[in-house]
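Trainee: What follows is a predicted structure for the sequence shown.
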Amino acid sequence: MTKLMNRTRKDQQIIAAIDIGASKISCFIARLTHEQGLSDRQGLAQQIEIIGVGHHGSPLKPKYTTSAEELEMGLRKAVDAAERMAEVRIHKVTIGVAGKFLRTRRIGVDLEITDGVVTQEDIEDSINEGARLSASPEYTALHALATAFKLDDEGVFDDPAGLNGSMLSTQMLGVSARLSVLDNLGMIVERCGLIPADYIAAPYAAAEATLIDDEKDLGVVLIDIGAASTAFSVYDNGVMIDCGGVGVGGGHITKDIAQIFGTPLAQAERIKTLYGAALIGPGDEHRFVDVPQMGDDAERIRTSRADLCDVIIPRVEEIFELVSARLPGDANRSIGLRRAVLTGGGSLLVGARESAEKILSMKCRLGRPLSVAGGPEAASAPGFAVCAGLLQCRIKARSEDNFALGLAGQSPHAFPQSAFFGGMEAWLRAKF
């Protein structure tokens, strides 16, 4: 009995997160360290020590058609690398859900206070009701995030527990994801011998990893440029007020280079990384790049760096224009967003920040995951922001009662039984 209890306690100190992207699958394993003598509910100071990092990537295919078997193999390799580094076996994982699969809804819940004093149970009841209302048919709630509280039509503190009043009004942002997407994610994860513990919106996780508190308070847009899509989240007064994604990312830039210059996708990605930019600098017309041709590596054409940038710039501008069009217009006017943070692998493209400032009319910076103990230096790159943020979200979900409801903290088997046994046809329709 003692051995079993010790094993359970040890398992609870290890958490893991996976981020399944179009061109890269990442896995982080972390150990929780905290002060002894206190419980999580007493607000103890927990720290994350990353003890294992693994990732597996491959060039994008046309139309991003990756089979279930390929994705499973990539996930197995990423998890195996992280487990070997951490020297532990993981069983439960927190999974990020890409922004393009998310749907948001603003919700208002009015709750009558029977005893005249707001309790923590009243707040939880309000947020639970918001989680129930946030998901339309074929969607499942991920988060119900309280954005504002009112007590008898008067604004109150961030935590109204203990205040006197008769009617508690809670404004919330409900975030949901299509059930078929979660089915497919769960299917792949379970085929690798893992159990999905939580599903968390990827743009939410990336924001938790990269944004500082002052940015959240003053208003900021986080833009996570991935391979097949670009996710975004909007913060004001310390809380997320919107999130989502657009179906264009850094992989589309790679594909443009491959099509226009007739080079393989792997070579196009290399050329983009080494020589590409979202702006044309002085003398770029006289700097030349050798481009291998498709079907014959020995055949090469020479093009100027300026011509290469001419291919990249329109696509980068399109990404930010699509994001700008998706930003909440009323919120943008009322809070006057003036700052953006770029993260994700695509944010490392030279000139991406300047292009974002021009299109969005906002001051921009590059966002990297905030310093976390342990792990290699490469794990602090913008491309790993989601994975690092998933760990932080998991910690908050354990220590804050009203942090995130919906699927967070629930059993993954709350889905219908068929959720994890969908056929290959459903998987291919999701086009991972």
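Mentor: Looks like it arrived, so ask away. Residues are numbered from 1 along each chain as shown.
Trainee: that's a strand at Leu342, yeah?
Mentor: Yes. Counting by DSSP: H, G, I helix; E, B strand; the rest coil, Leu342 is found in a strand.
Trainee: I'd guessed it sits against Ala356; true?
Mentor: Yes. Counting by Cβ atoms under 8 Å, Ala356 is a contact partner of Leu342 at 6.0 Å. In this view, the C-beta of every residue, glycine as well, is placed from N, C-alpha and C.
Trainee: what's the overlap in contacts for those two?
Mentor: Both Leu342 and Ala356 are contacted by Ile223, Cys364, under the criterion Cβ atoms under 8 Å, 6 or more residues apart in numbering.
Trainee: in its sheet, what does the host helix or strand of Asp224 sit against?
Mentor: Using DSSP states H and E, Asp224 sits within strand 220-225. With DSSP bridges as the test, strand 220-225 is paired with strand 230-236 (antiparallel), strand 339-343 (parallel).
Trainee: Redo the ones you listed as CSV? Include mean neighbour count and mean pLDDT.
Mentor: As requested, these are exported to CSV (neighbours: other Cβ atoms under 10 Å; pLDDT from 0 to 100):
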stretch, mean neighbour count, mean pLDDT
strand 230-236, 27, 95
strand 339-343, 26, 96
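Trainee: can you list those strands in a markdown table and add distance to Pro369?
Mentor: Below are these laid out as a markdown table (distance: least, Cβ to Cβ, whole Å):
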| stretch | distance to Pro369 |
| --- | --- |
| strand 230-236 | 15 |
| strand 339-343 | 8 |
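Trainee: Can you list the residue ranges for strands in the stretch 201-350 of the chain?
Mentor: 220-225, 230-236, 239-246, 288-293, 296-304, 339-343 (DSSP state E, counting those that start in this stretch).
Trainee: Quick one: closest of those strands to Arg326.
Mentor: Among the strands of the stretch 201-350 of the chain, the nearest to Arg326 by Cβ to Cβ is strand 239-246 (5.7 Å).
Trainee: which residues are in contact with that closest one?
Mentor: 98-104, 145-147, 173, 175, 201, 203-204, 207, 216, 229-235, 319, 322-323, 326-328, 331.
Trainee: Check stretch 319-330 too.
Mentor: So stretch 319-330 is contacted by 221, 223, 225, 230, 232, 234, 241-242, 244, 246, 248-249, 337, 346, 355-356, 359-360 (Cβ under 8 Å, 6+ apart).
Trainee: now do stretch 306-315
Mentor: The contact list for stretch 306-315 (Cβ under 8 Å, 6+ apart) reads 248, 252-253, 256-257, 260-261, 271-272, 275-280, 284-285, 287, 289, 349, 351, 355.
Trainee: I am finished for the moment; much appreciated.
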